[in-house]
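how would this look folded up:
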Amino acid sequence: MSAREDLLQQYKGEIVPQSFRAGFIVLGYVVSWIGAASTLELLNRRTSRNGLFNHFILVTSAVTMGGISIWCMHFIGNRAIILGHDEPELRVNYSSGFTAISFFLPILVLLAAFVAIGANGRVSWWRIGSGGTLAGAAICGMHYLGNASIKNYTCMYEKAHVVGAALIAVFASILALSLFFVFRATWTNSLWKKALSTFLLAGAVSGMHWTAATGTSYRLIHLNESTQLSQIATIIVVICLSVSAAIFMAGSAIYATWAMRRSASKAQQVVLAAAVFDRTGRILVTPDGLLPSEKITDTYVEKTRGDTFSIAHPLFHWMFQASRNWNSVNGMIDGMKNHLARLPKDGHDRKIRLVDGDGQLIDNYDAIFRELFCLAAVSLAHRLKEQLTDVGILWDEILATGVDGLHRIPDPIPDRTLEEGTSDNFIGGRESRVGRQQEYGHGLLMCLVRHLETPHDVDRLEAAGFRFADVHQVSGIIGSRMQIKTRNLRGKLADMAIFGEESSMMEPGVHLGFFGIKARVGSFGFDILVKKGARNLLPTMPVPLERLESWQMDIIRQFDRMSVPLLLHSLEALKKLSPREVLFASQMSDALEALRAWIDDPVFDDSMLTSKVVQVPCRAQIGSTSAKACTMITMCLMMPIHASASSPRCEFIPLNFFKVHQMVYRDSPHLAAFTRHVHRELSTVINAVPANVPQATYQKAGRLSSRWNRRGPLRHLSRSNDNTYGSVGDGCSTPSKLGRKPSKHDSIHSDSTMGLWNQDLDNRQKLGSDTMSDRTALYQSSSLGGIMVSQEIKVDVRQVEDTNGEPSVPSQAARSTDRVTLVKAGAGFDFEMNSFPGAEEGGRVGGPLGSAVVESEKGNEVITFVDELFAICVDGL
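Residues are numbered from 1 along each chain as shown. So this is what the prediction gives:
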């Protein structure tokens, strides 16, 4: 009798004894763990029920769980079962049809389970419970369906093991999914917490399998007659799926490492990020918990010893205004791309070379920097599936990023670090010395803020692969991963959540305000005291009046130049007059006392009332769609140079940046002028094509252009890139050229194309000559069409009263020319203060006959109430 016949006679209809291989038990758990880890990693990246990407993740996670963690583990685990003495004839033989069904059935059930759990980022216990129950049912169902595919044995089950296996599968699945989604919703899913969830989920599969397996007996029907190839085929499928999952996990680990290094690299660069908030204040983040961001450039190249990029910089002012009016640059994006594509690039990484081989900046550096900002915003818009006009508005702070221990991109300008104490700069919205800025980090982060108004916008962004999270949950992740070196990042993000809302506008009516400025320590320019968290607003208190009457203006004139104590005494004396004077005096006293208590700083008592009543932008009245101006009675003060904001409600910001704030509110008339300026400024740079002119011709043309540029219609082609001019007595503008020796009136940023400050004087003079020559190159006609014309106009400002006592707009008729004081802003202007020849001694700017001589470019540089009040403060020195 043969061995096969002996085995059949011995075990047919009998329970075949079984034992287990420890190696396959361990291997089965490892395969189950890999599948569970892949599933949880995929579920962590699912952000919505909608979107093709999320549908793909849903299906893939069901396949990794059902096909790898359950199905592969089952068949590897069954290889651990030894029947008899492991004779080939007694090995388990599977039906290919049932085997295929057992593969797809758990996948379908798990699809339903993951759909039931949802992907909205909030923990729903009934959803997790139902999803965990379905996942446990999938584990149990696959196991017993897989056993049903055995052709040569009849499986005998013990009821206690069946119930125990089902309970293990269901409760372990619920526990694992609960921990995972709780950690995910609270953004506390660190590596060990993910490993714990994975361990429990894999334990649900393996625990169920071996609990059921130990309660299963195999009664032989017939011997295994299948070929070895049929069994190998199943093993090959199992191996392929397991290896695929292992490769996916390895790829995820590599991607995580790459993402961390990329974040560390971005922290050393100038970066633009998107801060998008829904109506509940949640912030949009990537699945990794980071703000979507795009690089602008590797570093900002300082052109002068104090040229640090901050919120006081004219380039930031230009970006700030452009983000309020993206239509001004939207039509020029293709031209910007083409222009940047024509610039010289490094050979190894194809980055734009902003510094030439001689260590000098390339021409039009500021215009190129603006273009890089615009293209970074375009990239962010594409990433968010938005139009450029909807990408958001620039936040009014710059955050320092990076750590000293990280490798910094080699600086093309040696020895650029300023000595501590040489200049004060506004980084992150507060005063900090340059030395302190270098200590905090080497990169800069700017944020475009947007508020979503409808749930549809939230759903669309979630479908695009983003998540929304509470600020307190992700502020730590954002700060550590993006290496943001600022205190109270959570508070900064909370400020962003309310940034740009209508609540930051003044109410219509009459207000009493405080205009306090001080000279900036260590550099040129002034700072102004504003409300913390609302940098476009001065400290003010409402006066319960709709407008000022002429008799009230007469009273204010009587109190001109009075300090706070004297003003309160005079108002008290006014209460002895007629009832209307008594009422007005009480209203003014109450507002003045309330403002003094709100500021809570003794320096406020030194401020003086000015009779100059100014108009300030305010919120539109109910029923109106456009903004208007309210009336402000002002207490002015030139504060000591070392004064600090002792009140927690106030802070100092650059005066020129405060002026920009007054020009970018919704429906501001200055936005259209800024659009015309942008087209005039950038179109010539974008469409510039140098002609092949001999060098001698260049030099000759350069000498001619130096005279023509001051008078000709093409003056703007040779002006400095930050649009800051030196002022001259006849009202003409002298362009600040590269390499020009700064005059005593120049501000720290007035010459944005000045030669790099670490170069010797000869090189700077040579570079200035070359640059002036190059600017005589021919230009293609602008794609915008037409002839761009610049002119200088003279605007005389004085205050008169109309019949109703309302302050009038600046008058065209001037009787005399007083000292000019102008806060330059608008299209990237910096602060300058100049005295014009012929000014009357003792004249007072902002008085009834005050005037101002201003160089302007088609209304691009305007006079606001900031200039008027600043003139009064300076005149009081």
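
where does Asp457 fall, secondary structure wise?
For Asp457, the host element (DSSP states H and E) is helix 455-463.

can you spell out which helices and strands pack onto that helix?
If contacts are counted by 3 or more CB pairs under 8 Å, 6 or more residues apart in numbering; DSSP states H and E, helix 455-463 sits against strand 467-469. From N, CA and C alone the C-beta is placed, and that goes for glycine too.

the strand it packs on: how far from the chain's middle?
On the basis of CA atoms, centre = their mean, to the nearest Å, strand 467-469 sits 15 Å off its chain's mean C-alpha point.

could you do stretch 603-623 as well?
When distances are taken as CA atoms, centre = their mean, stretch 603-623 is centred 32 Å away from the chain's centroid.

could you give me the average pLDDT of it?
For stretch 603-623, the mean per-residue pLDDT is 86.

circling back to that earlier point, quick one: distance of the helix holding Asp457 to the chain centre.
Worked out by CA atoms, centre = their mean, helix 455-463 lies 19 Å from the chain centre.

list the buried ones in stretch 542-549?
Under the neighbour-count criterion of 16 or more other CB atoms under 10 Å, stretch 542-549 has Pro542, Val543, Leu545, Leu548 buried.

and for stretch 565-574?
Neighbour-count burial for stretch 565-574 flags Leu567, Leu568, Ser570, Leu571, Leu574 (criterion: 16+ other CB under 10 Å).

make a markdown table from these and add secondary structure to it.
Formatted as a markdown table, these follow (DSSP: H, G, I helix; E, B strand; the rest coil):
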| residue | secondary structure |
| --- | --- |
| Leu567 | helix |
| Leu568 | helix |
| Ser570 | helix |
| Leu571 | helix |
| Leu574 | helix |
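
tell me how far the helix ranked longest in the chain is from the chain's mean position?
Ranked by residue count, the top helix of the chain under DSSP state H comes out as helix 228-266. Relative to its chain's centre, helix 228-266 lies at 33 Å (CA atoms, centre = their mean).

tell me the angle of the following helix or strand past it relative to helix 455-463?
Per DSSP H and E, helix 228-266 leads on to strand 270-277 as the next helix or strand towards the C-terminus. In terms of direction (axes from the mean of the first three to the mean of the last three CA atoms, to 10 degrees), strand 270-277 departs from helix 455-463 by 130 degrees.

what packs against strand 270-277?
strand 283-285, strand 293-297, helix 365-383, strand 443-451, helix 489-497.

and it with strand 443-451, angle?
Inter-element angle recorded for strand 270-277 and strand 443-451: 30 degrees (by the same axes, to 10 degrees).

still on that earlier bit, and the helix holding Asp457, what's its mean pLDDT?
On average, the pLDDT along helix 455-463 is 89.

tell me which residues in it are buried?
Buried positions in helix 455-463, judged by neighbour count with 16+ other CB under 10 Å: Asp457, Val458, Arg460, Leu461, Glu462, Ala463.

low-confidence ranges in the stretch 201-350 of the chain?
Scanning the stretch 201-350 of the chain for pLDDT under 70 picks out the ranges 226-233, 347-349.

looks to me like Met156 is in a strand.
Yes - assessed by three-state DSSP, Met156 belongs to a strand.

relative to Tyr665, how far out is it?
81 Å (CB to CB, to the nearest Å).

how about the contacts made by Thr99?
Going by CB atoms under 8 Å, 6 or more residues apart in numbering, Thr99 touches Gly146, Ser149, Thr234.

secondary structure element holding it?
Thr99 is located in helix 96-117, with elements delineated by DSSP H and E.

how far off helix 228-266 does that helix point, in degrees?
Orientation note: helix 96-117 sits at an angle of 30 degrees relative to helix 228-266 (the same axes, to 10 degrees).

ok so, going back, most tightly packed of the helices and strands packed on strand 270-277?
strand 443-451 (a mean of 25; mean count of other CB atoms under 10 Å).

ok, and the closest non-adjacent residue to Phe248?
Residue nearest to Phe248 in three dimensions, not counting chain neighbours: Ser38, with 5.3 Å by CB to CB, 6 or more residues apart in numbering.

and the one helix or strand that neighbour maps to, how far out from the chain's middle?
Assigned by DSSP H and E, Ser38 belongs to helix 22-44. When distances are taken as CA atoms, centre = their mean, helix 22-44 is centred 38 Å away from the chain's centroid.

from here on, call the first residue 464.
In the new numbering, first residue 464, that becomes helix 485-507.

so what does that helix touch, helix or strand wise?
helix 515-526, helix 536-542, helix 622-648, helix 654-677, helix 691-729.

list of residues touching the fourth one?
Looking back up the chat, that one is helix 654-677. Identification of contacts with helix 654-677 by CB under 8 Å, 6+ apart yields 488, 491-492, 495-496, 498-500, 502-504, 532-533, 536-537, 540-541, 544, 598-599, 602-603, 606-607, 620, 624-625, 627-629, 631-632, 635-636, 638-640, 642-643, 646.

same thing but 6 Å
Residues from elsewhere that reach helix 654-677, judged by CB atoms under 6 Å, 6 or more residues apart in numbering: 492, 495-496, 499-500, 503, 532-533, 536, 540, 602, 606, 624, 627-628, 631-632, 635-636, 638-639, 642-643, 646.

what subset of those is buried?
492, 495-496, 499-500, 503, 532-533, 536, 540, 602, 606, 624, 627-628, 631-632, 635-636, 638-639, 642-643, 646.

sorry, back to before: by neighbour count, which of the contacts of Thr562 wins?
When neighbours are counted by other CB atoms under 10 Å, Gly609 leads those with 24 neighbours.

could you check how far the nearest residue to Val854 once chain neighbours are set aside is from Val733?
Nearest residue to Val854, sequence neighbours excluded (CB to CB, 6+ apart): Ala844, at 4.3 Å. Separation of Ala844 from Val733 (CB to CB): 18 Å.

could the contacts of Thr562 go into CSV alongside distance to Asp826?
Formatted as CSV, those follow (distance: CB to CB, whole Å):
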residue, distance to Asp826
Gly609, 72
Ser612, 75
Thr697, 69
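
on that earlier part again, may I ask which two of the buried residues of helix 918-926 are separated the most?
Asp920 and Ala926 (10.8 Å; CB to CB).

buried stuff in stretch 542-561?
Neighbour-count burial for stretch 542-561 [16+ other CB under 10 Å]: 542-547, 550, 552-557, 561.

okay, how far is it across that stretch, tip to tip?
Distance between the two ends of stretch 542-561: 18 Å, counting by CA to CA, to the nearest Å.

picking that back up, can you put the buried residues of helix 918-926 in a markdown table and add distance to Leu835?
Putting the buried residues of helix 918-926 into a markdown table (distance: CB to CB, whole Å) gives the following:
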| residue | distance to Leu835 |
| --- | --- |
| Asp920 | 28 |
| Val921 | 30 |
| Arg923 | 28 |
| Leu924 | 25 |
| Glu925 | 30 |
| Ala926 | 30 |
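
out of the residues you listed, which is nearest to Leu908?
Taking CB to CB as the measure, Leu924 is the one of the buried residues of helix 918-926 closest to Leu908, at 20.8 Å.

residues contacting the closest one?
Leu924 makes contact with no residue under the criterion CB under 6 Å, 6+ apart.
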